[in-house]
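Participant: take a look and give me a structure for this.
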Amino acid sequence: MRSLLFAASMSVVLSSLAPIRGSPLLRTLLRHRVTPGALRRSIQPAFSGSRKNKIVRGFALQGDSKAQNTADMEDYSGDGDNVLRVMSDSAEVSCLVADTTQLVAEAQKRHNLSITATVALGRALTGGLLLAAFKAEGDAVQLKFSGRGPLGEIMVIANNDGNVRGRISNPTFEVPPREDGTADIKNAVGKGALEVVRSNNNPYMPFYKPYTGVVPINSGEIAEDIAYYLAASEQTSSAIGLGVVLNPDGTVKKAGGWHIQVLPMASDETLVTLECNIQNLGSTTELLANGVPTLGISQALLSGLADIEKATFSLKPKYGPCEETNLEERMMRAIAALGKEEAVKLLDENDGIVEIRCDFCAHTKQFDREEIMTMLEEVAAKGK
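Facilitator: This next block holds a predicted model:
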């Protein structure tokens with residue numbers, strides 16, 4: 001598999017199956033739905049076609065009750081985490097760009113992450129966010145990288161409202177950097193499998209069935225593997241870039257990413273323009289480090305396809321949900337699932353105290369015998 005790596009702590013790939021050159025890649029994925037192996041054999045890197053300026057127009061998203069229309073809000077051009085979505089005027093291209101600096105910094109602090117783990121989990125958190133944001137109400141995405149590298153399993157859960165949380169098996173493990181000084185995420189993650197689960201908890205969609213797709217981890221660089229999944233499992237033509245920039249002391253300086261999806265029946269002209277824009281974008285990591293806002297990255301990605309002044313929709317991402325009440329409810333449900341006999345056994349073995357830790361939020365809560373027995377009685381009453 002050929003891919004294109006940009007600069008420090010950043011990876012970007014177009015459908016994870018070829019260099020970012022020429023329209024045959026997007027055209028083949030979009031129109032013929034061939035297998036990844038056949039696709040690799042069919043690509044002939046080349047540029048062709050002409051450019052034509054287009055103007056963005058509003059695009060209504062069904063079910064996005066929490067998304068805000070930026071016609072009625074302040075433009076995101078400064079500091080602060082945010083996710084922007086814009087569309088070309090022909091609705092052929094969807095572009096999401098995220099600034100996740102504060103989100104990744106919170107994850108680093110909660111899990112006491114090493115430098116390598118910060119970059120790996122930071123990319124995964126941003127990738128999960130980009131796959132879930134602005135979907136239907138109640139939609140959620142779970143990414144699980146089961147790699148055989150020293151970092152172990154990486155899991156991320158994100159929903160349509162911009163909530164995202166994650167965990168990593170060995171958060172403090174450090175891997176020596178590459179010769180160029182960049183984090184060696186490929187070897188830290190290792191070979192294995194990427195499992196993606198799409199689900200919906202909306203009670204008005206009772207017939208929605210979770211969808212699970214599994215693909216091999218081909219690179220371990222996170223972005224390439226997500227893009228490979230989208231092409232091989234969901235049959236969508238996409239480009240994705242993820243970046244984490246660290247300060248000299250190892251803290252998060254900047255984090256973010258972008259996700260381009262080409263919608264059905266895109267014209268050759270649109271494909272050529274889009275590919276040129278991605279080629280000319282350069283390193284997402286450098287853009288983030290230089291303070292280019294999400295709106296500026298959106299403008300660069302859709303240059304010649306959209307005259308962007310403001311994003312069509314935006315939201316503010318958040319690590320979580322990790323609120324105290326939310327955590328307690330989830331923990332109590334976990335204890336209740338054990339049943340009375342097992343719960344009493346745990347209490348007896350631990351001096352009347354059961355301690356539960358949330359691996360996603362790194363939060364620990366203790367429950368005494370009275371609390372647990374009361375909870376079990378409530379569960380039993382509901383079951384009658």
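Participant: could you look up the SS state of Leu230?
Facilitator: Secondary structure, DSSP: H, G, I helix; E, B strand; the rest coil: Leu230 is helix.
Participant: identify, by residue count, the longest helix of this protein.
Facilitator: Counting by DSSP state H, the longest helix found in the chain is helix 115-132.
Participant: what separates that one from the chain centre, distance-wise?
Facilitator: Offset of helix 115-132 from its chain centre (Cα atoms, centre = their mean, to the nearest Å): 6 Å.
Participant: name every strand pairing with the helix or strand following it and say which way it goes.
Facilitator: Reading on from helix 115-132 to the C-terminus, the next helix or strand found by DSSP states H and E is strand 139-147. Paired neighbours of strand 139-147 in the sheet (DSSP bridges): strand 153-159 (antiparallel), strand 192-200 (antiparallel).
Participant: from the ones you listed, which stretch is densest packed?
Facilitator: Most buried of those by mean neighbour count (mean count of other Cβ atoms under 10 Å) is strand 153-159; its value is a mean of 23. Placement of C-beta: from N, CA and C, glycine included.
Participant: quick one: work out the angle between that one and helix 115-132.
Facilitator: With axes from the mean of the first three to the mean of the last three Cα atoms, to 10 degrees as the basis, strand 153-159 and helix 115-132 are set at 30 degrees to each other.
Participant: quick one: low-confidence parts of the stretch 51-200 of the chain?
Facilitator: Across the stretch 51-200 of the chain, the ranges flagged by pLDDT under 70 are 51-79.
Participant: find the nearest non-adjacent residue to Thr236, please.
Facilitator: By the measure of Cβ to Cβ, 6 or more residues apart in numbering, the closest residue to Thr236 outside its immediate chain neighbours is Leu230, 4.9 Å from it.
Participant: I'd guessed that neighbour sits against Ser238; true?
Facilitator: Yes. Counting by Cβ atoms under 8 Å, Leu230 touches Ser238, with 4.6 Å between them.
Participant: tell me if Val244 really is in a strand.
Facilitator: Yes. Note on Val244: a strand contains this position according to three-state DSSP.
Participant: just list whatever residues bridge to it.
Facilitator: Bridge pairing for Val244 - DSSP bridges - gives Ala255.
Participant: could you do Val215 as well?
Facilitator: Leu194.
Participant: who's in contact with it?
Facilitator: Residues in contact with Val215 (Cβ atoms under 8 Å, 6 or more residues apart in numbering) are 193-194, 225, 228-229, 232-233.
Participant: could these go into a markdown table alongside distance to Leu315?
Facilitator: Shown next, in a markdown table, are these (distance: Cβ to Cβ, whole Å):
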| residue | distance to Leu315 |
| --- | --- |
| Ala193 | 30 |
| Leu194 | 25 |
| Asp225 | 25 |
| Tyr228 | 27 |
| Tyr229 | 23 |
| Ala232 | 28 |
| Ser233 | 26 |
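Participant: ranking those by neighbours, who comes first?
Facilitator: Asp225 (31 neighbours; other Cβ atoms under 10 Å).
Participant: settle this for me: Trp258 is touching Ala227, isn't it.
Facilitator: No. Using Cβ under 8 Å, Trp258 makes no contact with Ala227, being 11.8 Å away.
Participant: what about these two, which has more around it?
Facilitator: Ala227 (30 against 26).
Participant: counting contacts, what elements does the helix or strand where that one lies pack onto?
Facilitator: Element membership for Ala227 (DSSP H and E) is helix 223-232. Identification of packing neighbours for helix 223-232 by 3 or more Cβ pairs under 8 Å, 6 or more residues apart in numbering; DSSP states H and E yields strand 10-14, helix 36-42, helix 115-132, strand 192-200, strand 211-217, strand 238-246.
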